[in-house]
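Trainee: pasting the sequence and the predicted model now:
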Amino acid sequence: MPTAAEIERALYAWAPRELAASWDNVGLLVGSGSAPVTRVLVALDVTEQAAEEAAARGAELIVAHHPVMNCRWHAVQNVVDDNPQGRTLTKLLKSGVSAICMHTNLDAADGGVNDVLARLLGLERLAPLSEEKIGRVGVLKSEKRLEEFLSDVVKSLHCEGLRYRDGGKPVRKVAVGGGACAEYVEAAIALGCDTFVTGDLKYHEFLDATGVNLIDAGHFETEYPVCEAIAAYLSAEFPGLDVLRSASCRSVVRYYAAPGANGWGAAQTTE
C-alpha cells in the first residue's frame, strides 16, 4: 500500500509544486508522510463534514483541491474548536486522517481544473489564458447563441442557476477560469474571446466588462468536475488503492426565485 508521501509525489508529478502561486499552501498539509493509505476520499474542500465522512468510511487520507490551511485567507495561529478551521483540523488529527491539497498548481496543470472545465463546455484547441497557465481559451465547433450556450453551461456543470452579462455577441471563442478568476477578464478580451466563464464575480466586474459575454457559473460548479479527474488519476497510479468520491462534497450556495418575481433590472413599462 502507498504512503501519504508517495501519493503526494504522484500528485506533484501531475501538478508540480512550482506551478502553485507564491502565496499558496499545497501538498501534504495534515498528517504524516509515512502513514500507509489503503483508502482515500476525494473532495473539493476539506470541511468538517469531509473529515467526519473520511473517518466514517475508513479513509486514511483526503485529497482535495482547496487547502485546508491557507494563510492568504485564514491565518493559522492556533488550532481550537471554536471556529470551522480549528474544528476541521481537530477532527482530522483525532481520526488520524491526513490531507493533501492541490490548489493553484492543479489550476495550471495540464489536464487539471481548467482543462477539465474547458472540455466539459465543448471547447477545442485549448491554450493557456495567462502566463501563469491559469485559465484556458478555446473554441466551440460551431457558433452558438448566448442563450443556447448558457443552457449548455447549466447542464454541463449541473448549475442550480448562474449570473451573466450579455455582451451582445454570439459565442464561439471562449475563455474559462475555474473558481474565482475575475482578474483575467481583460486578458480574455485581449485574446479576442467573446465569452468568459468563471465564478465569484462582483457587481462592478459585471458593470465594467464591455464587449464580452460574462458568465458566473459558480466557484464550486466550475471546479468540482476536477474531482473526477483526481479520482481517475489516483486509481490509475495506485491500482490497489480504494478511491472514494465524497458524498458530503456539494455547493452550499442555493438560488431562490419567488414565483412570478420580476427583478429591478427587468424592463419596466408604464401605462
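Mentor: Cool, the structure landed. As the structure is a prediction and not an experimental result, all values here were calculated from the model.
Trainee: any weak-confidence spans in the stretch 151-271 of the chain?
Mentor: 265-271 (pLDDT under 70).
Trainee: where do the helices sit along it?
Mentor: Chain-ordered helices for the stretch 151-271 of the chain, with DSSP state H, counting those that start in this stretch as the definition, fall at 185-190, 203-208, 219-223, 226-237.
Trainee: would CSV of those with mean neighbour count and distance to Glu6 be doable?
Mentor: Where you see a C-beta, it was placed from the backbone N, CA and C, and this is true even at glycine. Shown next, in CSV, are these (neighbours: other C-beta atoms under 10 Å; distance: least, C-beta to C-beta, whole Å):
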stretch, mean neighbour count, distance to Glu6
helix 185-190, 18, 37
helix 203-208, 12, 42
helix 219-223, 24, 25
helix 226-237, 18, 9
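Trainee: to Thr38, which of these lies closest?
Mentor: helix 226-237 (12.4 Å; C-beta to C-beta).
Trainee: returning to that earlier point: would you tell me which of the helices of the stretch 151-271 of the chain gets closest to Tyr12?
Mentor: helix 226-237 (11.6 Å).
Trainee: contacts for that closest one, please.
Mentor: 7, 10-11, 14, 40, 42-44, 63, 65, 102, 106, 111-113, 116-117, 178, 241, 243-246, 249 (C-beta atoms under 8 Å, 6 or more residues apart in numbering).
Trainee: now, those that are in helices?
Mentor: Using DSSP state H, the subset of those located in helices is 7, 10-11, 14, 106, 113, 116-117.
Trainee: ranking these by neighbours, who comes first?
Mentor: Using other C-beta atoms under 10 Å as the neighbour test, the ones in helices among the contacts of helix 226-237 are led by Val113, with 33 neighbours.
Trainee: excluding chain neighbours, give the residue nearest to the spatially most central residue of the chain in space.
Mentor: Against the mean C-alpha coordinate of the chain, by C-alpha atoms, centre = their mean, the closest residue is Glu223 at 2.2 Å. Using C-beta to C-beta, 6 or more residues apart in numbering and skipping the chain neighbours, the partner closest in space to Glu223 is Gly178 (4.6 Å).
Trainee: residues in contact with that neighbour?
Mentor: 107, 113-114, 116-117, 135, 198-199, 222-223, 226.
Trainee: one more time with 7 Å
Mentor: 107, 113-114, 117, 222-223 (C-beta atoms under 7 Å, 6 or more residues apart in numbering).
Trainee: now it: how far from Ala118?
Mentor: Using C-beta to C-beta, to the nearest Å, we find Gly178 at a distance of 9 Å from Ala118.
Trainee: got it, and Ala51?
Mentor: Distance from Ala51 to Ala118, by C-beta to C-beta: 31 Å.
Trainee: who's more crowded, these two?
Mentor: Neighbours were counted for Ala51 and for Ala118 using other C-beta under 10 Å; Ala51 has more, 28 against 24.
Trainee: other residues contacting whichever strand or helix holds the more buried one?
Mentor: Element membership of Ala51 [criterion: DSSP states H and E] is helix 48-56. Helix 48-56 is contacted from outside by 41, 43, 62, 84, 87-88, 91-92, 95, 97, 246-249, using C-beta under 7 Å, 6+ apart.
Trainee: same deal with stretch 31-39?
Mentor: By C-beta under 7 Å, 6+ apart, stretch 31-39 touches 1-5, 7-8, 58-61, 98-99, 241-242, 244.
Trainee: quote the end-to-end distance of that stretch.
Mentor: 15 Å (C-alpha to C-alpha, to the nearest Å).
Trainee: how about it: buried residues?
Mentor: Across stretch 31-39, burial judged by 16 or more other C-beta atoms under 10 Å covers 31, 35, 37.
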